[in-house]
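Asks: Sharing a sequence plus its predicted fold:
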Amino acid sequence: MREWWVWLSVACLAAACGKGASADRPDGRADGGTLSDGGTGGDGGGDGLGSIGPLGETTWTPLLDGSLSRFYRWMPSKGRNDDPEGVFRMEGDTLHVLGLPDSDEAKDFGYLATSADLGNYRARVEQKWGTARFAPRKDELRDTGLLYHVRGQDQIWPQCIEFQVMEYSTGDLWMLSGTGVRAPVKDGSEAIFDPLGTPEDFRDGRIIKSSEPESLTDWNTLELIASGRDSAQIVNGRWVNGATAIEADSGDGWGGLSHGHLALQAEGAEVFFRALEVRPLAYLPPPPEATVLFDGSDLDAWRGRDGGTAGWKVEDGAMEVVPFAGDLFTRETHGDVRLHLEFQVPATPTDQATEDRGNSGVYLQGRYEVQILDTFGRDPGLVDCGAIYGVRAPTVNEAFPPAIWQSFDVVFRAPTWDGTTKTAPARMTVVWNGSLVQEDVEVPGPTRLGDAEAPGPGPIRLQDHWNKVRYRNIWIQPLAPEGTDGGTGGAPDGGP
């Protein structure tokens, strides 16, 4: 903890958490609500997601409490917050849905939705089936769902995307009431999610999950990553579905949909939920005094190894590795810094060699690498994502599935020198997707493929390992010399 003051020296950054049934689905109908796409810089995360720390640290915020104070209930026969039967009822730390006496009487479909409008977040919840079933689905498969990006008027079902929770279909993705997505699917008549499949555009209907990891008798863990207009749906640790370019029909045309309420359905089956939590994604905007290295527009701050033009491409606000074009280097050199960047790894065959799966890396001073790799679902190792390459594995694997934007926040302290003699090694702290995975780790020398050590500053370097990794939102701040009152060199009081 000797470098804890470094954390305090970097001013807290205000990061926006974003505003942050179809014709094929029973009871679906169109919704003519107003579309508002807050994107990554929008307003609407409110107190629903919790705060982001000075180095992008985030924590899980529990949503369930005894009074369900963060939610509103809605059922068509009752409207908002009128639930005399207790369709949605807390029992200790567990939400019991449709825990009602057996009856042949039809029960309203409905939902329990967050009061907060959420964007750019992770959500997770545990789910288990009960035994009771009610008309109009008394003789049907048990069914519920996690609705996200809910917007517009309350109805069955509102305009949103559904993370289906249903016997034998948990993980399906439904586009309800005038929404659409782009998703990679297998060739054939049915739209079955396949990360290596052909991306196609869909409006209404469903994308079928890629596999069946759910349990019908035990607790299931459902995880959702809602990253702008992209999403990933994960069941019991397995990535089974997802989408990009999520959109909605506002009544005046189609536009991007990146935020909304989060809701749990009541759909005729008794079900239990517990441990519903959300966590913001650490997509931090550059502070006013930061040096922006890439803002989505050009590569002017970058060069090739020989000093020539950077050979990667810029598309849709991101830079992408052009395989065999070579590494990129910043034109300016740097010493002690705090660095923020966001990256996205491509989907690759799971039987491919590990280091050929979304491989890249960021080198501080061109010498010391923090690894970038598709390691979703793996035990973390010395050469996996978030590792200081070959020196120390990340303390936890915080990898997201491919096609979801991830974040690194790095505090780097350069080696100290007495002339040409190194007197102390480089040190690094790394926050990956909101989790501290490296804390003040000594780096004894250049990592693999790093440039030779020498006194003085060096460039930031992004690696071309022949995989089409993408980057965005890269910015840097100098750190005050150690032993001073902290701060980022541009502010005498140590603030931003």
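Replies: Received the coordinates, thanks. Numbering: from 1, shown residues only.

Asks: so how many other residues sit close to the closest residue to Glu85 other than its chain neighbours?
Replies: Nearest residue to Glu85, sequence neighbours excluded (CB to CB, 6 or more residues apart in numbering): Leu100, at 6.0 Å. For the C-beta atoms, the positions are set from N, CA and C on the backbone; glycine is no exception. Applying other CB atoms under 10 Å, we find 16 residues neighbouring Leu100.

Asks: give me every residue that touches the residue in the chain sticking out farthest from the centre.
Replies: Distance from the C-alpha centroid of the chain, by CA atoms, centre = their mean, peaks at Gly419 (44.7 Å). Going by CB atoms under 8 Å, 6 or more residues apart in numbering, Gly419 touches Pro455.

Asks: Tell me the confidence at it?
Replies: Gly419 carries a pLDDT value of 96.

Asks: ok, now which ones touch the residue nearest to Glu85?
Replies: Glu85, Gly86, Val87, Lys107, Ala132, Phe134, Glu270.

Asks: Leaving out chain neighbours, which residue sits closest to the fourth one?
Replies: In other words, Lys107. Per CB to CB, 6+ apart, closest to Lys107 is Phe134, 4.2 Å.

Asks: How about the fifth one?
Replies: Spatial nearest neighbour of Ala132, excluding adjacent residues (CB to CB, 6+ apart): Glu270 at 3.9 Å.

Asks: And the one you found, how close does it get to Arg182?
Replies: 35 Å (CB to CB, to the nearest Å).

Asks: that older thread, the host helix or strand of the residue nearest to Ala132 pairs with which strands, and in what direction?
Replies: Element membership for Glu270 (DSSP states H and E) is strand 269-280. Strand pairing for strand 269-280, determined by DSSP bridges: strand 61-62 (antiparallel), strand 94-97 (antiparallel), strand 121-133 (antiparallel).

Asks: how about Gly86, what does it touch?
Replies: Gly99, Leu100.

Asks: Which secondary structure state does it sit in?
Replies: In three-state terms, and counting by DSSP: H, G, I helix; E, B strand; the rest coil, Gly86 is coil.

Asks: separation between the residue nearest to Glu85 and Glu267?
Replies: Applying CB to CB, the value for Leu100 to Glu267 is 14 Å.

Asks: Leu141 now?
Replies: Leu141 is 10 Å from Glu267, by CB to CB.

Asks: Settle it for me: which of those two has more neighbours?
Replies: When neighbours are counted by other CB under 10 Å, Glu267 comes out ahead of the other of Leu141 and Glu267, with 27 against 13.

Asks: Please name the nearest non-neighbouring residue to the more buried one.
Replies: Glu267 sits nearest to Asp143 (CB to CB, 6+ apart), 4.6 Å away.

Asks: circling back to that earlier point, if you average pLDDT over the strand holding Glu270, what comes out?
Replies: 98.

Asks: Convert it to PDB, retaining C-alpha atoms only.
Replies: Output of strand 269-280 as PDB, limited to C-alpha atoms (Å, rounded to 0.1, in the frame of the first residue of the first chain):
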ATOM      1  CA  ALA A 269     -44.400 -18.900 -13.200                       C
ATOM      2  CA  GLU A 270     -43.200 -18.900  -9.600                       C
ATOM      3  CA  VAL A 271     -39.600 -17.800  -9.500                       C
ATOM      4  CA  PHE A 272     -37.000 -16.700  -7.000                       C
ATOM      5  CA  PHE A 273     -34.300 -14.000  -7.500                       C
ATOM      6  CA  ARG A 274     -31.500 -13.000  -5.200                       C
ATOM      7  CA  ALA A 275     -28.300 -11.000  -5.200                       C
ATOM      8  CA  LEU A 276     -29.400  -8.600  -8.000                       C
ATOM      9  CA  GLU A 277     -26.500  -6.100  -8.300                       C
ATOM     10  CA  VAL A 278     -25.300  -3.600 -10.800                       C
ATOM     11  CA  ARG A 279     -21.900  -2.000 -11.400                       C
ATOM     12  CA  PRO A 280     -20.800   0.800 -13.700                       C
END
